[in-house]
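# kindly generate the corresponding structure for this input.
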Amino acid sequence: MNKHSRLGAMMFLQYALWGAWLPVTARYLSASISDGGLGFSGSQIGMILGLAGSIGAIAAPFIAGQIADRYFSTERILAFLVTTGGMVKWYTALQTDYQSWLVLSILYSVLYMPTLALSNSITFAHIDDQENDFPKIRVWGTIGWIVASWVFPMIWLQTNLKIQLMPPFLVGSEVPDVTAKLVDALKFSGAISIIYGAFCFLLPNTPPNTDASEKLAFKKAFELFKYSSFSILVISSLAVSIIHQIYFLQTGPFLSHIGIPDSQIGPAMSIGQFAEILTMAYLGYFLKRLGFKKVITFGITAYFLRYAIFGTEFFPVWVMVISQAFHGFCYAFFFAAAYVYVDKIAEDDVRHSAQTVFGIIILGGGPVIGGWLSGFLQESYTNVFYDSGSEQIIFDYSIFWYTLAAIALITTIIFHFSFKEQRR
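Residues are numbered from 1 along each chain as shown. Here you go, the predicted model:
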C-alpha cells in the first residue's frame, strides 16, 4: 500500500465516522419521545451540535496543533484521539438526558475536532503538489462519508432492499421503531473510530519540528493575520461556517417535514457528497486556471443557491433533494480550497497549528454562533395556531432558509470585493 493510498484510506475513515452519525442525530434528538426520539428543543440541539463542537475546535490549536508541531508524531496523536473519541461516542448513545448528551458531546468534540486539521496536515506533509494532490486524497473522505451514511440504514433501518434509480439506489421497508434506532448510528461511528485508531499506526511517519525557534507553535501560527488575505478569508469563513453548521442542524428535520422517510434522510443528504467527489476531483484544475479568489467566491455562492431553493415552497420534493448537490461546491470550492490556501501561506514549522488556528473559526466560532442562531430563528419563525380547540405549532421553513440565503449572498459580495490573493 503506497503512501498516497494510505493517506486516502485515512481520509476515508476520518469522514466515515463523522458521516455515520451527524446527518441523522438532529432528527433523533428533535423527534418526540412517543416517536422514539429524545424530544429536545431547537436550542438544546444547537448547544449539543453547535457549542460542543466549538469548544473542541477552539481547544485544538492549544492541544493537538502544539503537540503535533513540537512534541509527538502526528499519526500517534491521531490514533489516541480517534480511539478515545470512539469510546465516548458509543457511551453517548446509551444516554437519554440532555445534560449527559451535552457534557459527552463537549468531551467528544475536544477529542475529534483536532483530528480534522491533523489529517489535513499529515496529507500536506507528504505530498508535493498541494493543488492537485490534496483534492485527490481528500475526495476519499467524501466517499467514506457516503459509504457510512448509506450502509447504516441499509443494514439496520430497512428490510427487503430493492433497486431504485435515485440515491441510495437500494431502499427497503423501514423496520419498526425506526426513529429510536437512529441512535445506533453513534455506536456505528464509535466502531469505525476504533478501527481508524489502529490504522493510524500504518500512516507515514510525521515527526514534530523539535528545532523550531518559537516553542509555542500556535502563537506563531496566529501571525498569519499579518496577511490581509488570511484575515478576509477568516471573516468570510466565520459567516460561511455559521450557515454551514445550520445545514446539519436543520436539514434532517426539514427533509422529514417535506416527506422523506427517516431511514432515507442520511442517504438523501449524501447527494451533496456525490457532487463533492466531482468538484474535489477537478479542484486543482480550477485553482490553477481561476485562482483562489474566483473558486472560493463560487463556493460561497453555492450556499446562497442551495438555501434559496430550500426556501422556495412551490418546488417539488425531488428538487429540494437534488439541490443538495450544491453542497459539493460549497465544501470543495470553499473549505477545501481554503485549507490549501492556508497551507500555502503557513511556514513549514507551524503547518499543523496553522490548520488548527483556521479550524478555530470554521469549527469553533461558526458552529457555536450557528447553533445559537438556528435555535433563535426556529423560535422566531415558529407560529402557534388553534384549530378546533387544539394547538397547532408550525415552523416557517421558507423564511428560515431565505434568511440563510441572504447571509450567504452578503458574504459572497464582501469576499469578492475584499480578497486579494497573497503568497508566502
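# ok, now which ones touch the closest residue to residue 35 other than its chain neighbours?
Leaving aside its sequence neighbours, residue 35 sits nearest to residue 179 (Cβ to Cβ, 6 or more residues apart in numbering; 5.1 Å). Where you see a C-beta, it was placed from the backbone N, CA and C, and this is true even at glycine. The contact partners of residue 179, by Cβ atoms under 8 Å, 6 or more residues apart in numbering, come to 27-28, 31, 35-37, 262.
# narrow the residues you listed to those in strands?
Among the contacts of residue 179, no residue falls in strands (DSSP state E).
# just the buried members of these?
Taking 16 or more other Cβ atoms under 10 Å as the criterion, what is buried in these is 27-28, 31, 36-37, 262.
# which one in these is the model shakiest on?
pLDDT across these is lowest for residue 262, at 78.
# can you report phi and psi for residue 394?
Residue 394 adopts backbone torsions of phi -130, psi 120, taken as degrees, to the nearest 10.
# so it bridges to which residues?
Residue 394 forms beta bridges with residue 383, as assigned by DSSP bridges.
# hmm, back to that, for the buried ones among the contacts of residue 179, give me a markdown table that also has distance to residue 393.
Formatted as a markdown table, the buried ones among the contacts of residue 179 follow (distance: Cβ to Cβ, whole Å):
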| residue | distance to residue 393 |
| --- | --- |
| 27 | 17 |
| 28 | 20 |
| 31 | 14 |
| 36 | 19 |
| 37 | 16 |
| 262 | 20 |
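# end-to-end on stretch 380-390?
21 Å (Cα to Cα, to the nearest Å).
# before we move on, the earlier item: per-residue pLDDT, the residue nearest to residue 35?
89.
# that one is in what secondary structure piece?
helix 178-181 (DSSP states H and E).
# off-centre distance for that helix?
Chain-centre distance of helix 178-181: 23 Å, with Cα atoms, centre = their mean, to the nearest Å.
# next one: stretch 180-189
18 Å.
# CA atoms of it as CSV?
Provided in CSV are the C-alpha atoms of stretch 180-189 (Å, rounded to 0.1, in the frame of the first residue of the first chain):
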residue,chain,number,x,y,z
ALA,A,180,-35.5,5.1,18.0
LYS,A,181,-32.9,3.1,16.1
LEU,A,182,-31.3,6.2,14.7
VAL,A,183,-29.2,6.5,17.9
ASP,A,184,-27.3,3.3,16.9
ALA,A,185,-25.6,5.4,14.3
LEU,A,186,-23.4,6.7,17.2
LYS,A,187,-22.3,3.1,18.0
PHE,A,188,-21.6,2.5,14.4
SER,A,189,-19.4,5.6,14.4
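# contact partners of that stretch?
Contact partners of stretch 180-189, identified using Cβ under 8 Å, 6+ apart, comprise 17-18, 20-21, 24-25, 27-28, 36-37, 86, 89-90, 92-93, 148, 152, 156-157, 175, 262, 266.
# what packs against whichever strand or helix holds residue 8?
If you go by DSSP H and E, residue 8 is part of helix 3-19. Here helix 3-19 touches helix 74-92, helix 98-125, helix 130-152, helix 184-199, going by 3 or more Cβ pairs under 8 Å, 6 or more residues apart in numbering; DSSP states H and E.
# SS state for residue 386?
Here residue 386 is recorded as strand under DSSP: H, G, I helix; E, B strand; the rest coil.
# quick one, what contacts the closest residue to it other than its chain neighbours?
Spatially, and ignoring its direct neighbours in sequence, residue 386 is nearest to residue 392 (6.9 Å; Cβ to Cβ, 6+ apart). Contact analysis of residue 392 by Cβ under 8 Å, 6+ apart lists 384-386.
# what about residue 392, helix or strand, and which?
strand 390-395.
# could you dump the helix or strand following that strand to CSV, C-alpha only?
Later in the chain than strand 390-395, the nearest helix or strand by DSSP H and E is helix 397-418. Extracted in CSV, the C-alpha atoms of helix 397-418 (Å, rounded to 0.1, in the frame of the first residue of the first chain):
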residue,chain,number,x,y,z
TYR,A,397,-39.0,26.8,7.0
SER,A,398,-39.3,29.1,4.0
ILE,A,399,-38.4,32.4,5.7
PHE,A,400,-35.8,30.4,7.7
TRP,A,401,-33.9,29.2,4.6
TYR,A,402,-34.3,32.6,2.9
THR,A,403,-32.6,34.3,5.9
LEU,A,404,-29.6,31.9,5.5
ALA,A,405,-29.5,32.6,1.7
ALA,A,406,-29.3,36.4,2.5
ILE,A,407,-26.3,35.8,4.8
ALA,A,408,-24.6,33.8,2.0
LEU,A,409,-25.2,36.5,-0.6
ILE,A,410,-23.8,39.3,1.6
THR,A,411,-20.7,37.2,2.4
THR,A,412,-20.2,36.5,-1.3
ILE,A,413,-20.2,40.2,-2.1
ILE,A,414,-17.8,41.1,0.7
PHE,A,415,-15.3,38.4,-0.1
HIS,A,416,-15.3,39.0,-3.8
PHE,A,417,-14.5,42.7,-3.4
SER,A,418,-12.1,42.5,-0.5
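# got a list of what the residue lying closest to residue 308 once chain neighbours are set aside touches?
Leaving aside its chain neighbours, residue 308 sits nearest to residue 405 (4.3 Å; criterion: Cβ to Cβ, 6+ apart). Contact analysis of residue 405 by Cβ under 8 Å, 6+ apart lists 303-304, 307-308, 311.
# repeat that for 10 Å
Counting by Cβ atoms under 10 Å, 6 or more residues apart in numbering, residue 405 makes contact with 243, 303-312.
# next: residue 339.
Neighbour list for residue 339: 116-117, 120-121, 123-124, 130, 134-135, 138, 354-355, 358-359, 362 [criterion: Cβ under 10 Å, 6+ apart].
# kindly report the same for residue 120.
Counting by Cβ under 10 Å, 6+ apart, residue 120 makes contact with 11, 14, 134, 137-138, 141, 336, 339-340, 342-343, 351-352, 354-356, 358-359.
# how many neighbours does residue 86 have?
Other residues lying near residue 86 total 25 when counted by other Cβ atoms under 10 Å.
# thought it was touching residue 115?
No: with contact defined as Cβ atoms under 10 Å, residue 86 does not reach residue 115; the gap is 11.1 Å.
# give me the common contacts of the two.
Shared contacts of residue 86 and residue 115 (Cβ under 10 Å, 6+ apart): 17, 193, 196.
# can you add pLDDT and neighbour count and give those back as CSV?
Output for those, formatted as CSV (pLDDT from 0 to 100; neighbours: other Cβ atoms under 10 Å):
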residue, pLDDT, neighbour count
17, 94, 28
193, 97, 29
196, 97, 26
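# which of these lies closest to residue 298?
residue 17 (29.4 Å; Cβ to Cβ).
# quick check: the closest residue to that closest one other than its chain neighbours vs residue 118, distance?
With sequence-adjacent residues excluded and distances taken as Cβ to Cβ, 6+ apart, residue 17 is closest to residue 192, at 4.1 Å. For residue 192, the distance to residue 118 (Cβ to Cβ, to the nearest Å) stands at 17 Å.
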